[in-house]
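Student: I need the structure of the sequence given here:
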Amino acid sequence: MFFRMIEKRIRALEAKLESRACNCRKERLTLYHSSADLENILSIGCPVHDFLFVREVSWAPASMPLNIEDRSLCCCPPSATREWLEGKRGPLTEEEQAQECATWEQALSEDPTEQMRVEGLLKKYYKLKRSHNETMRR
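Tutor: You can find the predicted model right below:
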């Protein structure tokens, strides 16, 4: 009787796990444009693990598309280059290319406050990740 109850519980848990897909990023790079994007991405939980495991995080200029699953989380204004790279439009005009170069120069001049926000978010994320890993080991 006891073993039947355990077996039934195990089957129920397995069915629950099979019905949800893991969205952790253990194998791929996660891109972000700004601290707001990064915060949005890291706030999403995994339906299987409750915690989104991210392997590697990297900044990308606003003109570069984020990973497909993160594009709806982007807080940036529209970008002609990003739309072109996503296949939503044709090549850029000369004026758009010049504007894109100016945007890149501005992005490369890093806002120290923005960098501090990103570092704070990552520090908080890695602390939560360590805590989650410790909980899983118990």
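Student: ok, the top strand by length along the chain: who's next to it in the sheet?
Tutor: Longest strand of the chain, by residue count under DSSP state E: strand 25-32. Applying DSSP bridges, strand 25-32 is found paired with strand 54-59 (parallel).
Student: and the residue lying closest to Y32 once chain neighbours are set aside, how many neighbours?
Tutor: Spatial nearest neighbour of Y32, chain neighbours left out: L38 (4.1 Å); criterion: Cβ to Cβ, 6 or more residues apart in numbering. All C-beta spots, glycine's among them, are computed from the backbone N, C-alpha and C. L38 sits with 24 neighbouring residues when counted by other Cβ atoms under 10 Å.
Student: what is the burial count for the closest residue to E69 other than its chain neighbours?
Tutor: Leaving aside its chain neighbours, E69 sits nearest to N23 (7.0 Å; criterion: Cβ to Cβ, 6+ apart). N23 is flanked by 14 other residues according to other Cβ under 10 Å.
Student: and the residue nearest to Y32, what's its pLDDT?
Tutor: With respect to pLDDT, L38 scores 96.
Student: next, the contact list for the residue nearest to the spatial centre of the chain, please.
Tutor: Against the mean C-alpha coordinate of the chain, by Cα atoms, centre = their mean, the closest residue is I41 at 3.8 Å. Shown in contact with I41 (Cβ atoms under 8 Å, 6 or more residues apart in numbering): 30, 32, 52, 54, 70, 73.
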